[in-house]
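Visitor: Generate a structure from the sequence data that follows.
(one chain, ligands or ions: 1)
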Amino acid sequence: MNPSSTLFARDALLPDGWARDVLLQWDDRGRLRSVQPGGQRPANVAEAVGPVLPGMPNLHSHAFQRAFGGLTEYRGQAQDSFWSWRSLMYRFAAAITPQQLEAVAGGLYVEMLEAGYTSVCEFHYVHHDVDGRPYADDTELSQCLLRAAARAGIGFTLLPVLYQTSGFGGTAPREDQRRFIRSTASMLRLLERLRPLCEAQGARLGLAPHSLRAVPPASLADSIAGLTALDATAPIHIHLAEQTAEVDACLAWSGQRPVQWLLEHAPVDQRWCLVHATHMTPAESERAARSGAVAGLCPTTEANLGDGLFDAGAWRAAGGRWGLGSDSHATVNAAEELLMLEYGQRLRSHQRNVLAGDQHRFVATALTLEAVAGGAQAAGRPVAGLAAGQQADFVVLDAEHPLLQGLPSPDTMLSAHVFASHRQSAIAAVWVAGRPVVAGGRHPLRAEAGRAFAAARSALARSGFDSH
Ligand code: ZN
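Guide: Predicted structure coming up:
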């Protein structure tokens, strides 16, 4: 037995629930060959220092937005909203250089790994130079993200964003959207060029039609047909029904709500990730859940932006799949996203343990398993947890950490990690594709990536923001 491709866990969270005395073995590519509970630890195999969790896929990220955390938390007008936040965000998007994007993403991906995310879907919409003209190499900014992910060691799904209009009905794009805008044909050319670059580092390539307000119906259909010709199972992500103003505008344009419109005009199935899908009627929720699409929930960003509360109870009751995204990265912590998701449902329903499962009575256990399964589906990568054939992506909690020490079971340890961590992390180690990327709670590039991030953020803040 090769000791570098095995790990023994007293407790491991498998897709069906906790198992005891589990031997994990993986191959040279970092895929799990076997996950065997109920055995003894072989003499030359290392033992995990605490419960082993499946690595969490992060299904929705705009990396550059990490650079303005803290800069938008003041009142700018009588009623601040998503839309006033967006105009501040656009100033960052207008200014960022390739070097700054790579530095910001590099720092972010290191943070993600330390926080328990082992892969990320990058919803990437800043394509062009600051004047709106394509770079000499149209893949320039995508390559910055790919390099940042490779260096950090995080699994990657690249979702280039199609963005064409500023509102429903084909409204011309705004000047401050010039770095995002491209034709459908140029998007399909970009996808063709990106495909080998993604394959070279084990990343998956998909497509993100930005939203129904940014992509007219014909472009939506053509771009999906083009993507499907390239890769018939490639993931498709779209922002949908995040804001009530967007729902109202869609109704005014088409007489239908966004989710309803999409379900009737696009081939929505398990390839799709409906990001946010916050504002749905019960009928929309049931139909969308039955389509097999994943709901891309971003609880802390949705709270930060005042989007509204997703009705997770109704979605799950209809068999809906879902996963987690850190989106604007106001928070970069998989456990905190689970906490915020459950707390939103408690506040809404006046009950506790709302999202516990029939099979798993501990909320944190149920939510972790569902978010991993949904996140893997949205990523289009074999990262669906601790099972043979999946990638060896996992997180080891430290059973001796003061947060966990003395708790009686892995369920309660995971519960403390999610609900009682108070910003201390009990994560001891993180492995991606069978390789340790975080040890002792730290990524080896933490200091270096943190310095590069801070330098890029300082330059951007000077160029784009008033001092408040
Ligand atoms: Zn987003």
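Visitor: So Val120 lies in a strand, does it not?
Guide: Yes. Counting by DSSP: H, G, I helix; E, B strand; the rest coil, Val120 is located in a strand.
Visitor: Could you double-check that it sits in contact with Met56?
Guide: No. Val120 is not in contact with Met56 according to C-beta atoms under 8 Å; the separation is 9.9 Å. For every residue, glycine as well, the C-beta is placed using N, CA and C.
Visitor: burial count for Tyr90?
Guide: Neighbours of Tyr90 under the rule other C-beta atoms under 10 Å: 17.
Visitor: Give me the secondary structure label for it.
Guide: Under three-state DSSP, the three-state class of Tyr90 is helix.
Visitor: Ignoring the adjacent residues along the chain, who's closest to it?
Guide: Computed as C-beta to C-beta, 6 or more residues apart in numbering, the closest residue to Tyr90 that is not its neighbour in sequence is Asp176, at 4.5 Å.
Visitor: Can you check what pLDDT the model gives the one you found?
Guide: Asp176 carries a pLDDT score of 92 in this model.
Visitor: I'd assumed Arg33 was in a helix, is it?
Guide: No. Judged by three-state DSSP, Arg33 forms no part of a helix; its state is strand.
Visitor: ok, now which ones touch it?
Guide: For Arg33, the contacting residues are 25-27, 388, by C-beta atoms under 8 Å, 6 or more residues apart in numbering.
Visitor: So which of the residues you listed belong to strands?
Guide: 25-26 (DSSP state E).
Visitor: Break this structure down into its domains, please.
Guide: Domain assignment for the chain, taken from automatic domain parsing, gives 3-54+391-441, 56-379.
Visitor: And those domains: which comes nearest Phe453?
Guide: When the domains of the chain are ranked by proximity to Phe453, the top entry is domain 56-379, at 2.7 Å, counting by C-beta to C-beta.
Visitor: Span of that closest one from start to end?
Guide: Length of domain 56-379, first residue to last, C-alpha to C-alpha, to the nearest Å: 11 Å.
Visitor: my read: Val198 touches Leu158, true?
Guide: One correction, residue 198 is Cys, not Val. Yes. In this structure, Cys198 sits in contact with Leu158. The criterion is C-beta under 8 Å, and the distance is 5.7 Å.
Visitor: Can you work out which residues contact both of those two?
Guide: Listed as contacting both Cys198 and Leu158 by C-beta under 8 Å, 6+ apart are 146, 204-205.
Visitor: Between these, which sits nearest Met1?
Guide: Of all those, Arg204 has the smallest distance to Met1: 30.8 Å, by C-beta to C-beta.
Visitor: ok, that closest one - how many residues close by?
Guide: When neighbours are counted by other C-beta under 10 Å, Arg204 registers 23.
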